[in-house]
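K.L.:
any chance you can model this:
(one chain, ligands or ions: 1)
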Amino acid sequence: MNIHENIIAPFVHFFYPHNCIGCGSDIIERENFLCLECINELPHTSFALHANNPLEKFFWGRIPVTAGMSEFYFSKTSIVQNCIHEFKYKGNTKLGLYLGRMIGKSILNSNRFAGIDFLIPLPLFTKKEFIRGFNQSAILCKGISEITNIPVMPNSVIRIKATETQTKKGRIERWENVEKSFSVTDAERLKNKHVLLVDDVITTGATIEACGAQILKVEGAKLSIASLAYATR
Ligand SMILES: [Zn+2]
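P.N.:
All right, here's what the predicted structure looks like:
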């Protein structure tokens, strides 16, 4: 920090006060969301670098995944959880872009993700997206794209049916219900393409599996998966 910044920063902070999303401590630099300590404590997985990593294993026997990664381990009451809350529920899309760029850097630094043609955000129900004002996965895709230059292809897959009220259904019925809730609208563009399907948090993997299954029905399509956080243990 130079003298100029030393003098100016406190004033900037006075007008734009903000706190670290991870621990709540004061941050002076306006462009940062996390303090240096929290940045250093972020639980990166390094999955992107390793074949047969836990995320890829998680989909074994479910759908064929060319490469899979999650940027962070997810746990409750953690920096990552605070970030996701701030991003998704408080609408901090700039933070979302920042997190997306972190995924982008990991993908760029791994040759396992070479040759991806498109990024596809996991679609939300239109109503949900309307209420939230954005699709969090689309924001992450934008951040990934800024770093990797891989284009985003939204709306090539859509979500067509609500799946919330299915708690009383059996396992198979439930799966059929979820699988049918995605539809590929532009199969021609996905033909023989390698797509990276992006989600925020992978917990059961059921939605991403269902969406991925539809993409894989397109002739010659290859599927890779990226998520901001990995919540399964
Ligand atoms: Zn902090």
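K.L.:
residue boundaries of the helices in this protein?
P.N.:
Under the criterion DSSP state H, helices of the chain are mapped to 3-15, 36-41, 54-58, 79-88, 93-108, 126-132, 136-148, 171-179, 187-190, 206-216.
K.L.:
buried ones in the third one, by neighbour count?
P.N.:
I take that to be helix 54-58. Of all the residues in helix 54-58, those buried under the rule 16 or more other CB atoms under 10 Å are 55-56, 58. (Glycine included, C-beta is placed from N, CA and C.)
K.L.:
okay, that helix in CSV with CA atoms only?
P.N.:
Once non-C-alpha atoms are left out, helix 54-58 reads as follows in CSV (Å, rounded to 0.1, in the frame of the first residue of the first chain):
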residue,chain,number,x,y,z
PRO,A,54,-14.4,-37.6,-4.5
LEU,A,55,-16.8,-35.6,-6.7
GLU,A,56,-16.1,-37.8,-9.7
LYS,A,57,-16.5,-41.0,-7.5
PHE,A,58,-19.7,-39.6,-6.2
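K.L.:
what sits up against that helix?
P.N.:
Helix 54-58 is touched from outside by 45, 47, 65, 67-70, 202, 205, 225, 227, 230, 232, with contacts defined as CB atoms under 8 Å, 6 or more residues apart in numbering.
K.L.:
same deal with the fifth one?
P.N.:
Surrounding helix 93-108, the residues in contact under the criterion CB under 8 Å, 6+ apart are 21, 33, 44, 46, 48-49, 69, 71, 83, 86-87, 113, 116, 134, 136, 139-148, 196, 198, 226, 228.
K.L.:
and if we set it to 6 Å?
P.N.:
33, 48, 71, 86-87, 113, 134, 139-140, 143-144, 146-148, 226, 228 (CB atoms under 6 Å, 6 or more residues apart in numbering).
K.L.:
where in the chain is pLDDT low?
P.N.:
For the chain, residues meeting the criterion pLDDT under 70 lie at 1-17, 30-31, 162-169, 171, 174-175, 233.
K.L.:
tell me how far L140 lies from D200.
P.N.:
For L140, the distance to D200 equals 7 Å [CB to CB, to the nearest Å].
K.L.:
what of E37?
P.N.:
24 Å.
K.L.:
which one's more surrounded, those two?
P.N.:
D200 (20 against 12; other CB atoms under 10 Å).
K.L.:
surely that one and L228 touch.
P.N.:
Yes - counting by CB atoms under 6 Å, a contact exists between D200 and L228, whose distance comes to 5.0 Å.
K.L.:
to the ion, which of the helices of the chain lies closest?
P.N.:
The closest approach between the ion and any of the helices of the chain, judged by CB to the ion, belongs to helix 36-41 at 3.3 Å.
K.L.:
what are the contacting residues of that closest one?
P.N.:
Around helix 36-41, the neighbours that count as contacts under CB under 6 Å, 6+ apart are 20, 22-23, 79.
K.L.:
adding neighbour count and distance to I158, write those residues out as JSON lines.
P.N.:
Below are the contacts of helix 36-41 laid out as JSON lines (neighbours: other CB atoms under 10 Å; distance: CB to CB, whole Å):
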{"residue": "C20", "neighbour count": "19", "distance to I158": "37"}
{"residue": "G22", "neighbour count": "21", "distance to I158": "35"}
{"residue": "C23", "neighbour count": "14", "distance to I158": "39"}
{"residue": "I79", "neighbour count": "21", "distance to I158": "33"}
